[in-house]
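Student: sequence? don't have it. structure:
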């Protein structure tokens, strides 16, 4: 039975959260979030492959290898990236203080940050805010937590799901942020997912890898991967279900429910993408391999010329053809078909003429557009989600540092 006063990361049993203003952002916006499990939880994570990893990413990568955690402390408005030894020391101190207030070792607290790169954290104001933040955590705190992790997001993003495992209800919940610097090269944003499932660590890790690959690795807003990208998955084993082992039917059922939470979070991120007016669903068919299909989808998704054409409602299918050719995948021009919605534009690598382009123009006026590419090279497929690129995106990012 769904608990109406809980949701997102506090939907599963035993999780509490809160968010407050700690003086990082201007105008009193929430900027410090805390997620706590009542008991030790298994924790797995995936992190950015950007070589300029932020201090909290470096610390969390090390600590997640132990596989046990109790809390995640997240700040927004400041990435704590490219801040040298001071940044590392600040992140370490923050986890020590959080551990003190909630009663666990610093090693069981993972830090995360998001925001402007190159600034030191305002540690005095953050440390002064920690007692109030620690006292505020509750099962109802998921909304404030989701707000506290936002940067250019315009609304908080959370999702939850129940699944029956061995006659016991297992709950999964998640919160996410990130509507810019979004491109698959690990996980593409900050995502925090919790569950009360009793599950083996190998099974938990396998589930995380699967949802990242199938959901978060299929979303691109602007082709950039952040210094702070992280996805965390915590399981505190409080549901009382039989142990979920890797590769079992229970594992498949659990992963499917987790996939639904991740899919909803991905869609919420897509819908809030910076300045977006068009939401593109790319469907690549007829590839020789899954990898080939994803490479082509990714290349189309990050093409500035493709994105601006959709913003301008310009039926410029040549830009899609050019992107396909730039993907580094063997293709044959004479086999390619392209359609927008149910309107075919290209067959055998050749445009179908002005009449079809006029029909396609009606499709491009919509906010949700499916673009189908058939390569004629094999049987494999891939799906991808992206957006257009608008003047508003440029406005947001032209002055981002000055506004935070």
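Tutor: Looks like it arrived, so ask away. Keep in mind that what you see is a predicted model, and the values were worked out from it rather than measured.
Student: Residue 210: how many residues sit nearby?
Tutor: 15 (other C-beta atoms under 10 Å). (Each C-beta comes from the backbone N, C-alpha and C, glycine too.)
Student: Now do the contacts for it.
Tutor: 255, 259 (C-beta atoms under 8 Å, 6 or more residues apart in numbering).
Student: So it, which state does it fall into?
Tutor: helix (DSSP: H, G, I helix; E, B strand; the rest coil).
Student: ok, it to residue 8 distance?
Tutor: As judged by C-beta to C-beta, to the nearest Å, residue 210 and residue 8 stand 21 Å apart.
Student: cool, and residue 28?
Tutor: 22 Å.
Student: Then residue 324?
Tutor: As defined by C-beta to C-beta, residue 324 lies at a distance of 39 Å from residue 8.
Student: More neighbours: which of these two?
Tutor: Shown here are residue 324 and residue 8; by other C-beta under 10 Å, residue 8 has more neighbours (28 against 23).
Student: Show me the strands in the stretch 251-400 of the chain, by range?
Tutor: 279-287, 337-340, 343-347, 350-351, 368-374, 380-387 (DSSP state E, counting those that start in this stretch).
Student: Neighbouring strands of the fifth one in the sheet, and parallel or not?
Tutor: In this case it means strand 368-374. strand 279-287 (parallel), strand 337-340 (antiparallel) (DSSP bridges).
Student: Show me what counts as buried in the longest one.
Tutor: Buried positions in strand 279-287, judged by neighbour count with 16 or more other C-beta atoms under 10 Å: 279-280, 282-287.
Student: now it, how far from the centre of its chain.
Tutor: The chain centroid and the centroid of strand 279-287 are separated by 20 Å under C-alpha atoms, centre = their mean, to the nearest Å.
Student: for the last one, same thing?
Tutor: With C-alpha atoms, centre = their mean as the basis, strand 337-340 stands 28 Å off its chain's centre.
Student: Could you list the buried residues of it?
Tutor: 337-340.
Student: show me the contacts for residue 301.
Tutor: Here residue 301 is in contact with 220, 223, 280, 282, 384-386 (C-beta under 8 Å, 6+ apart).
Student: Looking at these, which is nearest residue 14?
Tutor: Set against residue 14, the nearest of the contacts of residue 301 by C-beta to C-beta is residue 385 (32.9 Å).
Student: how's the protein carved up into domains?
Tutor: Under the assignment automatic domain parsing, the domains of the chain span 8-271, 279-387.
Student: Kindly compare burial across those domains and name the winner.
Tutor: domain 8-271 (a mean of 21; mean count of other C-beta atoms under 10 Å).
Student: what's the span of that domain from first residue to last?
Tutor: Domain 8-271 stretches 18 Å from its first residue to its last (C-alpha to C-alpha, to the nearest Å).
Student: how distant is that domain from the center of its chain?
Tutor: 10 Å.
Student: And stretch 354-361, by the same measure?
Tutor: Using C-alpha atoms, centre = their mean, the offset of stretch 354-361 from its chain centre is 35 Å.
Student: let's have the chain start at 30 instead
Tutor: Yep, numbering from 30; the last one is stretch 383-390 now.
Student: what's next to that stretch, contact-wise?
Tutor: 342, 344, 346, 369-370, 372-374, 380.
Student: quick one: which of those is nearest residue 422?
Tutor: residue 342 (16.3 Å).
Student: Downstream of the longest strand that the chain contains, the next helix or strand is which one?
Tutor: Longest strand in the chain by number of residues (criterion: DSSP state E): strand 61-76. Following strand 61-76 in sequence order, the next helix or strand is helix 84-93 (DSSP states H and E).
Student: quick one: average pLDDT of the helix or strand that that next one is followed by?
Tutor: Scanning forward in sequence from helix 84-93 by DSSP H and E, the next helix or strand is strand 97-107. Taken as a whole, strand 97-107 carries a mean pLDDT of 97.
Student: helix or strand right after strand 97-107?
Tutor: Criterion used, DSSP H and E; the element after strand 97-107 is helix 113-131.
Student: Show me what residue 74 is bridged to.
Tutor: Bridge pairing for residue 74 - DSSP bridges - gives residue 261.
Student: contacting residues for it?
Tutor: Here residue 74 is in contact with 89-90, 93, 139, 237, 259-262 (criterion: C-beta under 8 Å, 6+ apart).
Student: can you list the residues that contact stretch 274-283?
Tutor: Applying C-beta under 8 Å, 6+ apart, the external contacts of stretch 274-283 come out as 192-195, 199, 224, 226, 228-229, 231-232, 235-236, 270-271, 273.
Student: let me redo that: stretch 152-169
Tutor: Counting by C-beta under 8 Å, 6+ apart, 32, 34-35, 39, 44-53, 61, 63, 65, 104, 119, 122-123, 126-127, 130-131, 173 sit against stretch 152-169.
Student: What of stretch 344-357?
Tutor: 321, 324-325, 327-329, 332, 334-335, 338, 360, 362, 365, 367, 369, 374-375, 378, 380, 386, 389-390, 393, 400, 402, 404.
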